[in-house]
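*Asks:* requesting a structural model of the entry that follows:
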Amino acid sequence: MKSVIIIPTYNEFENIERMVRKVFSLPRPFHLLVVDDNSPDGTADCIRHLQHEFPESLFLITREGKLGLGTAYIAGFEWALKNGYDYIFEMDADFSHNPDDLLLLHDACVSGKADMSIGSRYSSGVNVVNWPMSRVLMSYFASKYVRLITRMKIQDTTAGFKCYARKVLETIPFDKIHFKGYAFQIEMKFTAWKYGFRLLEVPIIFTDRKVGVSKMSGGIFNEALWGVVVMKWKSFFRHY
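*Replies:* This next block holds a predicted model:
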């Protein structure tokens with residue numbers, strides 16, 4: 001069974017080599033696909049250099065500019081399906097997601113317990129390190145709000161650390177996924193749930209990045225605030 005981790009990047013030169021080497025040091029074989037949005041700091045060049053060392057397991061898609069997190073992942077999903085992967089992961093480049101937890105997400109899907117496993121910050125308390133309290137509260141209550149609107153039984157609805165079984169991504173029509181920012185994570189969970197797939201939260205500890213600049217902004221939460229209501233409303237008129 002083939003597994004690939006998709007990491008979207010924009011100006012992650014300070015993190016990406018350490019991340020690549022950490023992933024390839026894990027006791028289970030993973031391939032890694034970086035989707036880079038024309039980072040001016042040389043992130044893509046770093047990957048091209050590392051491809052000489054890992055020619056059969058490290059891959060790169062470069063795009064013309066910042067086109068949004070959602071479209072980056074969809075480009076990665078399409079590539080992964082085309083290349084025959086059985087399990088497809090989403091992960092950040094900045095070590096806020098611990099690569100060791102990839103094994104837990106993988107096990108949850110391979111065991112048959114889940115079709116999508118979710119690295120959850122909130123399924124066993126609040127497991128967030130180095131975030132200011134204002135951001136913890138914003139994220140935590142955003143997830144509560146999404147649960148209220150969508151009725152999903154998921155504690156961490158905005159989580160971006162996930163593993164999909166291939167059949168989930170084969171089923172979801174990507175042209176029906178409309179969010180481009182972090183609300184993309186909500187929409188993918190909601191769509192998979194509406195199709196009847198099993199979603200399972202796996203407790204993780206989320207640690208804020210130590211180097212590089214966060215891509216989070218107020219606009220991201222505005223997208224989720226209003227977009228989730230629209231998404232829920234449209235779901236009443238859609239066949240799953």
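
*Asks:* which residue packs closest to Leu169, ignoring adjacent ones?
*Replies:* Phe77 (5.1 Å; Cβ to Cβ, 6 or more residues apart in numbering). The C-beta positions use only the backbone N, C-alpha and C, and glycine is treated the same way.

*Asks:* pLDDT wise, what is the one you found at?
*Replies:* With respect to pLDDT, Phe77 has a value of 98.

*Asks:* just the one 10 residues further on next, same as before
*Replies:* Predicted confidence (pLDDT) for Tyr87: 98.

*Asks:* so what's the residue count around it?
*Replies:* Each residue near Tyr87 was counted by other Cβ atoms under 10 Å, and the total is 21.

*Asks:* contact partners for it?
*Replies:* Applying Cβ atoms under 8 Å, 6 or more residues apart in numbering, we find Tyr87 in contact with 1-4, 106, 109-110, 163-166.

*Asks:* mind listing the strands for the chain?
*Replies:* With DSSP state E, the ranges of strands along the chain come out as 3-9, 31-36, 58-62, 87-90, 116-120, 128-129, 162-165, 199-203, 206-207.

*Asks:* which of those strands has the lowest mean pLDDT?
*Replies:* Minimum mean pLDDT among the strands of the chain: strand 128-129, a mean of 78.

*Asks:* and that one, how far out from the chain middle?
*Replies:* Using Cα atoms, centre = their mean, to the nearest Å, the distance from the centre of strand 128-129 to the centre of the chain it belongs to is 18 Å.

*Asks:* remind me what that strand packs against, helices and strands.
*Replies:* Using 3 or more Cβ pairs under 8 Å, 6 or more residues apart in numbering; DSSP states H and E as the contact criterion, the neighbours of strand 128-129 among helices and strands are strand 206-207.

*Asks:* ok, residues contacting the strand it packs on?
*Replies:* Here strand 206-207 makes contact (Cβ under 8 Å, 6+ apart) with 95-98, 119, 121, 127-131, 161.

*Asks:* turn the strands of the chain into a markdown table, including distance to Thr71.
*Replies:* Formatted as a markdown table, those follow (distance: least, Cβ to Cβ, whole Å):
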| stretch | distance to Thr71 |
| --- | --- |
| strand 3-9 | 9 |
| strand 31-36 | 9 |
| strand 58-62 | 11 |
| strand 87-90 | 13 |
| strand 116-120 | 20 |
| strand 128-129 | 27 |
| strand 162-165 | 17 |
| strand 199-203 | 23 |
| strand 206-207 | 24 |
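
*Asks:* who does the closest residue to Lys162 other than its chain neighbours bridge with?
*Replies:* Closest residue to Lys162 apart from its sequence neighbours, by Cβ to Cβ, 6+ apart: Glu90 at 4.7 Å. When bridges are taken as DSSP bridges, the partners of Glu90 come out as Ile6, Lys162.

*Asks:* next up, the contacts around Glu90.
*Replies:* 5-6, 73, 160-162, 164, 185.

*Asks:* buried members of the contacts of Tyr87 into ChimeraX, please.
*Replies:* Selecting only the buried entries of these in ChimeraX, with 16 or more other Cβ atoms under 10 Å as the criterion:
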select :3,4,106,109,110,163,164,165,166
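
*Asks:* quick one on the thing from earlier: which one among the contacts of strand 206-207 gets closest to Ile149?
*Replies:* The shortest distance between Ile149 and any of the contacts of strand 206-207, using Cβ to Cβ, involves Arg121 and amounts to 19.3 Å.

*Asks:* rewinding a little: which of the contacts of strand 206-207 sits closest to Phe174?
*Replies:* Nearest to Phe174 among the contacts of strand 206-207 is Phe161, at 20.2 Å by Cβ to Cβ.

*Asks:* that closest one contacts Met91, correct?
*Replies:* Yes. The pair Phe161 and Met91 passes the contact test of Cβ atoms under 8 Å, sitting 5.8 Å apart.
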